[in-house]
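S.K.: Here is the input, now give the coordinates:
(one chain, ligands or ions: 1)
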Amino acid sequence: MTRWRSGTAHSPANASVDALRAVQLERLRAGAAQVLRSNPFWRERLTEINGWDDFERLPVVTKRELLEDQAANAPFGTNLTYPLERYVRLHQTSGSSGDQPLRWLDTEDSWAWWLRIWSDHIYRAAGVTAGDRVFLAFSFGPFIGFWSAFGGAERLGALAISGGAMTTEQRIRNMRDIGATVLLATPTYALRMADRARELGLDLGTSDIRLTIHAGEPGASIPATRSTIEAAYMATSFDHTGMTELGPTGHSCSQRDGVHLVESEFIFEVVDLQGRPADRGELVATNLGRWGSPVVRYRTGDRVQVTREECSCGSPFVKVVGGIQGRVDDMFTVRGVNLFPSQVEDIVRRHAVVAEFVIEHRKVRQMEEVTLVVELGGGSTSTDRLESDLRQALGVRLGCRIAAPGTLPRGELKSTRIVHLPD
Ligand SMILES: [Zn+2]
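M.R.: Numbering: from 1, shown residues only. All right, here's what the predicted structure looks like:
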């Protein structure tokens with residue numbers, strides 16, 4: 001789906017876009033036919049799809065609908081195309097947005113689809129090969145990201161190493177002892193590991209790590225955050241996007257200015273606040289290979305800006321400029337200026353004295369109040385320079401408050417950069 005398509009009608013880029021669209025439609029038609037026969041959730045919402053017109057008439061679906069369906073039809077909900085015995089894996093969302101965790105079942109085929117996208121797209125784009133040793137600094141709880149990244153590395157023929165049930169120090173020592181060459185972690189946790197290594201007198205820059213791949217937060221697409229990670233590990237860092245409900249959706253490339261969305265396996269649309277097609281807005285996605293529990297026109301809640309300009313890496317896929325800007329819900333306004341946490345992060349990470357930060361946001365009598373809470377390291381006690389840089393870059397004043405060292409969260413799962421406080 002390329003409703004934001006731009007450019008001249010006969011450019012080579014458009015020829016490949018047309019070919020992609022034909023593949024998408026064919027896969028959607030075939031998959032939707034099975035789903036319509038037996039999936040109660042989608043039978044209520046889908047109709048037969050013969051052309052793009054039919055697709056565009058379908059309703060968009062929200063996480064709330066999926067959660068309500070699961071609550072009303074516990075424990076798995078009704079988004080099931082096959083009898084339960086066909087499903088082989090159960091995962092659940094992190095519940096980090098304050099919602100109940102959403103459970104998700106996969107069949108053997110759906111799971112193979114996940115792993116194929118990891119090995120053929122995510123790892124390939126970063127340059128991971130069968131010769132690599134891939135260390136996953138995660139707890140290996142029920143969140144799907146850990147397991148799919150692990151299985152994808154294995155499928156590629158690389159050595160997949162679980163960093164589950166370890167302290168940060170154990171992970172650092174393990175990674176070095178084994179000679180791991182690729183690290184997967186959230187950006188925040190990669191930085192936490194680098195800090196801990198320094199405290200231990202270990203230099204991760206001399207380890208064998210040559211690539212790092214990050215997800216959960218947009219950090220690896222934020223220039224200042226990425227260069228901090230790259231300097232700490234003496235490695236090249238890549239961004240990856242994905243969702244439990246959808247699958248592994250995208251990856252950054254050698255051009256390092258955004259995230260390509262894997263259009264051979266998904267249909268992506270971007271809509272504005274009124275639900276109209278746009279270049280900038282919320283990402284809506286449909287997956288094309290997880291027919292046991294698919295999503296069609298799913299509102300991701302991610303705010304993006306996309307471009308079809310040709311990329312020097314050669315990818316035919318649309319690019320999210322600068323990575324995901326943030327959650328649609330995370331936009332905040334300071335004196336009439338709309339801001340996303342990622343814009344603040346890009347300034348904050350240029351200040352080496354800031355160990356960690358969080359944006360506190362509250363509405364007081366219809367006025368938005370925003371405070372940047374920072375942990376300072378290296379004996380620093382002033383935020384004057386940071387405040388002045390923020391004012392210059394964002395065009396508005398953002399007040400800072402200093403928090404005690406080690407009090408802000410540093411998750412191995414995605415960290416929340418913005419906290420919406422009650423009035
Ligand atoms: Zn590219």
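S.K.: Report the spatially closest residue to Gln305, excluding sequence-adjacent ones.
M.R.: The shortest distance from Gln305 to any residue other than its chain neighbours is 4.3 Å, reached at Arg280 (CB to CB, 6 or more residues apart in numbering). In this view, the C-beta of every residue, glycine as well, is placed from N, C-alpha and C.
S.K.: Distance check, the one you found against Val396.
M.R.: 20 Å (CB to CB, to the nearest Å).
S.K.: Distance from the chain centre to the longest helix anywhere in the chain, please.
M.R.: Counting by DSSP state H, the longest helix found in the chain is helix 12-38. From the chain centre to the centre of helix 12-38 is a distance of 24 Å (CA atoms, centre = their mean, to the nearest Å).
S.K.: which stretches of the chain form helices?
M.R.: So, for the chain - with DSSP H - the helices run 12-38, 40-43, 52-57, 63-72, 108-117, 124-126, 144-156, 168-178, 187-199, 223-233, 341-348, 384-394.
S.K.: and the first one, which residues are buried?
M.R.: Buried residues in helix 12-38, counting neighbours by 16 or more other CB atoms under 10 Å, are found at 13-14, 17, 20-21, 24-25, 27-28, 31-32, 35.
S.K.: need the contact list for the nearest residue to Gly157 once chain neighbours are set aside.
M.R.: Distances taken as CB to CB, 6+ apart put Ala130 closest to Gly157, at 3.3 Å, once the chain neighbours are dropped. If you count contacts by CB atoms under 8 Å, 6 or more residues apart in numbering, Ala130 has them with 156-158.
S.K.: Would you mind checking those residues for buried ones?
M.R.: Neighbour counting by 16+ other CB under 10 Å classes 156, 158 among the contacts of Ala130 as buried.
S.K.: Around the ion, pick out the residues from the stretch 1-150 of the chain.
M.R.: Residues of the stretch 1-150 of the chain that fall close to the ion, judged by CB under 5 Å from the ion: none.
S.K.: How many residues are close by whichever residue of the stretch 1-150 of the chain sits closest to the ion?
M.R.: Closest approach between the stretch 1-150 of the chain and the ion, counting by CB to the ion: Ala125, at 8.1 Å. For Ala125, the tally of surrounding residues (other CB atoms under 10 Å) stands at 22.
S.K.: thought it was touching Gln255?
M.R.: No. Assessed by CB atoms under 8 Å, Ala125 is found out of contact with Gln255, at 10.7 Å.
S.K.: Which neighbours do these two have in common?
M.R.: Contacts common to Ala125 and Gln255, judged by CB under 8 Å, 6+ apart, are Cys313.
S.K.: what pLDDT, on average, does stretch 203-220 get?
M.R.: The pLDDT scores in stretch 203-220 average 93.
S.K.: what's the straight distance from one end of it to the other?
M.R.: End-to-end distance for stretch 203-220, by CA to CA, to the nearest Å: 21 Å.
S.K.: just how off-centre is it within its chain?
M.R.: Relative to its chain's centre, stretch 203-220 lies at 16 Å (CA atoms, centre = their mean).
S.K.: buried ones in that stretch?
M.R.: Neighbour-count burial for stretch 203-220 flags 204, 207, 209-220 (criterion: 16+ other CB under 10 Å).
S.K.: Which positions in the stretch 251-400 of the chain make contact with the ion?
M.R.: Listed as neighbours of the ion in the stretch 251-400 of the chain under the rule CB under 5 Å from the ion: 253, 255, 311, 313, 315.
S.K.: Please check the residues you listed and keep the buried ones.
M.R.: Of these, these count as buried by 16+ other CB under 10 Å: 253, 311, 315.
S.K.: among these, which are in strands?
M.R.: Members of those lying in strands (criterion: DSSP state E): none.
S.K.: all strands for the stretch 201-350 of the chain, in order.
M.R.: Residue ranges of the strands in the stretch 201-350 of the chain, as given by DSSP state E, counting those that start in this stretch, are 211-214, 236-243, 247-252, 258-261, 266-271, 280-287, 298-307, 319-321, 326-327, 332-334, 337-339.
S.K.: And the second one, what does it pack against?
M.R.: Counting by 3 or more CB pairs under 8 Å, 6 or more residues apart in numbering; DSSP states H and E, the packing neighbours recorded for strand 236-243 are helix 124-126, strand 211-214, helix 223-233, strand 247-252, strand 258-261.
S.K.: Just give me the closest of the buried residues of helix 12-38 to Phe55.
M.R.: Leu28 (6.9 Å; CB to CB).
S.K.: Distance-wise, check the closest one relative to Val353.
M.R.: Leu28 sits at a distance of 51 Å from Val353 (criterion: CB to CB).
S.K.: any weak-confidence spans in the chain?
M.R.: Regions of the chain meeting the criterion pLDDT under 70 cover residues 1-14, 96-98, 411-415, 423.
S.K.: Mind doing that once more with 50?
M.R.: Where the chain drops to pLDDT under 50, the residues are 1-10.
S.K.: residue closest to the middle of it?
M.R.: Thr241 (3.1 Å; CA atoms, centre = their mean).
S.K.: Enumerate every residue touching the residue of the stretch 1-150 of the chain closest to the ion.
M.R.: Taking CB under 8 Å, 6+ apart, one finds 238, 251-253, 260, 313, 315 in contact with Ala125.
S.K.: Greatest separation within these: which pair is it?
M.R.: Using CB to CB, the two most remote members of the contacts of Ala125 are Phe238 and Ser315, lying 13.1 Å apart.
S.K.: and the end-to-end length of stretch 257-267?
M.R.: One end of stretch 257-267 sits 22 Å from the other (CA to CA).
S.K.: Stretch 380-398 now?
M.R.: OK, stretch 380-398 end separation, CA to CA: 19 Å.
S.K.: So which bits of that stretch are buried?
M.R.: Quick answer for stretch 380-398 (16+ other CB under 10 Å): 380, 383, 386, 390, 398.
S.K.: can you tell me which residues contact Leu156?
M.R.: With contact set as CB under 8 Å, 6+ apart, Leu156 has these partners: 118-119, 123, 128-130.
S.K.: of all those residues, which comes closest to Trp52?
M.R.: Using CB to CB, those come closest to Trp52 at Trp118, 28.7 Å.
S.K.: how much space between the closest one and Glu154?
M.R.: Using CB to CB, we find Trp118 at a distance of 10 Å from Glu154.
S.K.: Of the two, which one has the most company?
M.R.: Using other CB under 10 Å as the criterion, Trp118 and Glu154 rank with Trp118 on top: 26 against 15.
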